[in-house]
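[1] can't give you the sequence, but here's the structure:
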Ligand SMILES: Nc1nc2c(c(=O)[nH]1)N[C@H]1C(S)=C(S)[C@@H](COP(=O)(O)OP(=O)(O)OC[C@H]3O[C@@H](n4cnc5c(N)ncnc54)[C@H](O)[C@@H]3O)O[C@H]1N2
Ligand code: MOO
């Protein structure tokens with residue numbers, strides 16, 4: 001092994017991209033769906049394609065406050081034409097009269113443009129003298145009219161199955177008159193930490209003990225992923241306690257998630273219990289942080305075992321568990337939006353594993369993207385995550401990188417932000 005090789009990068013580590021593919025092949029999307037009212041649809045995953053039953057907009061309407069008229073009535077040999085005011089159209093109160101030659105009506109933004117009129121001029125380009133309205137000619141026929149169906153026609157698919165309903169989709173659903181939607185069932189994840197050194201926050205630490213932070217970062221990640229969670233606490237290194245926790249978690253949730261005890265040796269009970277009660281595979285991934293990862297099944301639940309190191313547990317959740325949960329919820333996968341930025345710090349990197357270093361991405365005064373590494377990058381240094389707004393992805397066989405090099409950056413998505 002060359003001197004600068006990552007000491008943890010044993011041969012045959014699996015590239016994370018290959019691991020994600022293999023893990024995803026082992027989980028299925030839930031087929032359970034439910035109807036929710038629009039008020040309760042935010043962040044839920046649409047379980048059906050939805051078409052609009054109406055044209056959008058549903059009628060010709062004005063884009064401006066002004067006057068509607070027939071373009072044919074304009075005397076185009078002049079700059080302006082004077083027309084006679086015969087009525088008005090307000091939003092919610094259409095013009096009920098009869099369109100006549102050389103006439104116009106007062107019209108407000110969003111109000112129906114009556115059949116017969118075809119063009120609107122904004123108020124600021126007109127002069128009123130009693131019922132005589134002089135109109136500075138607009139550039140073209142149809143100016144300032146939002147035509148029926150110009151956004152989409154009835155029958156067009158508007159939202160697709162697998163979409164997460166955000167604020168914009170809430171509005172789109174309301175626009176097409178839908179007040180309840182079929183969504184996939186919310187998933188439940190039960191999680192616990194393992195490790196005799198772990199103490200819950202609020203208790204005193206004895207020598208050799210640390211506070212359990214992973215349960216809180218995991219709780220945050222699950223909440224931001226819109227997953228229901230059950231916190232089963234810290235389970236001590238006791239075979240029957242671990243068995244009990246696994247059985248309870250699997251009976252209550254779609255996924256059992258643990259942190260700790262997945263590197264060599266430590267996971268004896270987890271391994272033994274899961275091979276008695278279910279199945280488990282220990283993965284060694286070419287990713288830093290997050291090399292050891294466990295995956296399996298217990299009863300009807302999927303099991304994911306995150307490494308105990310706090311940054312490793314967050315990174316493996318983000319890179320491996322989140323795509324699994326997304327697939328289980330029926331979310332259409334989306335590739336992360338990567339960008340290139342200039343490195344602002346000399347960066348240490350051993351060839352051997354893909355590294356997800358934590359960075360701060362910003363724009364300099366010239367508008368170019370720059371990224372700095374957030375100090376120490378140890379797998380236990382959670383402040384490196386909390387200071388960051390992105391991952392700096394350093395490829396598997398990359399070595400040290402000097403300031404000024406261009407690197408690939410993955411801005412944190414909504415689950416990490
Ligand atoms: N001989 C080897 N040792 C280790 C290897 C290896 O390949 N060979 N891999 C290293 C890597 S990489 C990682 S990552 C860790 C993962 O270890 P475990 O998943 O077995 O985790 P633990 O040993 O239980 O804990 C590691 C570390 O994290 C702290 N920890 C654990 N749980 C929590 C928690 N809930 N909150 C806060 N901190 C936690 C724990 O105290 C340890 O310091 O293994 C390396 N070792
Ligand atoms: O790669 Mo482990 O995940 O050092 O922290």
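    Yep, that arrived. These numbers come from a predicted model, not from an experiment. Ligands and ions are numbered 1, 2, ... in the order given.

[2] separation between residue 126 and ligand 1?
    69 Å (Cβ to the nearest ligand atom, to the nearest Å). Every residue, glycine included, has its C-beta placed from N, CA and C.

[3] go on, residue 218?
    Counting by Cβ to the nearest ligand atom - residue 218 and ligand 1 are separated by 8 Å.

[4] SS state for the closest residue to ligand 1 within the chain?
    Closest residue of the chain to ligand 1, Cβ to the nearest ligand atom: residue 308 (2.6 Å). Using DSSP: H, G, I helix; E, B strand; the rest coil, the structure places residue 308 in coil.

[5] where does the residue of the stretch 51-200 of the chain found nearest ligand 2 land on pLDDT?
    Scanning the stretch 51-200 of the chain for the residue nearest ligand 2 gives residue 195, at 14.6 Å (criterion: Cβ to the nearest ligand atom). As predicted, residue 195 sits at a pLDDT of 90.

[6] what's near enough to touch it?
    Residues near residue 195 by Cβ atoms under 8 Å, 6 or more residues apart in numbering: 212, 234, 237, 260-261, 308.

[7] switch to 10 Å and redo it
    209-210, 212, 214, 234-237, 259-261, 266, 308 (Cβ atoms under 10 Å, 6 or more residues apart in numbering).

[8] buried ones among these?
    212, 214, 234-235, 237, 259-261, 266, 308 (16 or more other Cβ atoms under 10 Å).

[9] from those residues, which is closest to ligand 2?
    Looking across the buried ones among the contacts of residue 195 and measuring by Cβ to the nearest ligand atom, the closest to ligand 2 is residue 308, at 8.8 Å.

[10] got the contact list for the closest one?
    Residue 308 neighbours (Cβ under 10 Å, 6+ apart): 193-195, 197-198, 212, 214, 258-263, 266, 292, 379-380.

[11] same question for residue 187.
    Residue 187 makes contact with 30, 32, 45, 222, 225-229, 253-255, 302, 325-326, 328-330, according to Cβ under 10 Å, 6+ apart.

[12] swap in 7 Å and give it another go.
    227-228, 254-255, 325, 328-329 (Cβ atoms under 7 Å, 6 or more residues apart in numbering).

[13] please report how far the residue of the stretch 51-200 of the chain closest to ligand 2 lies from residue 261.
    7 Å (Cβ to Cβ, to the nearest Å).

[14] kindly report the same for residue 49.
    43 Å.

[15] equivalent analysis for residue 241, please.
    Distance from residue 241 to residue 261, by Cβ to Cβ: 13 Å.

[16] great, nothing more from me.
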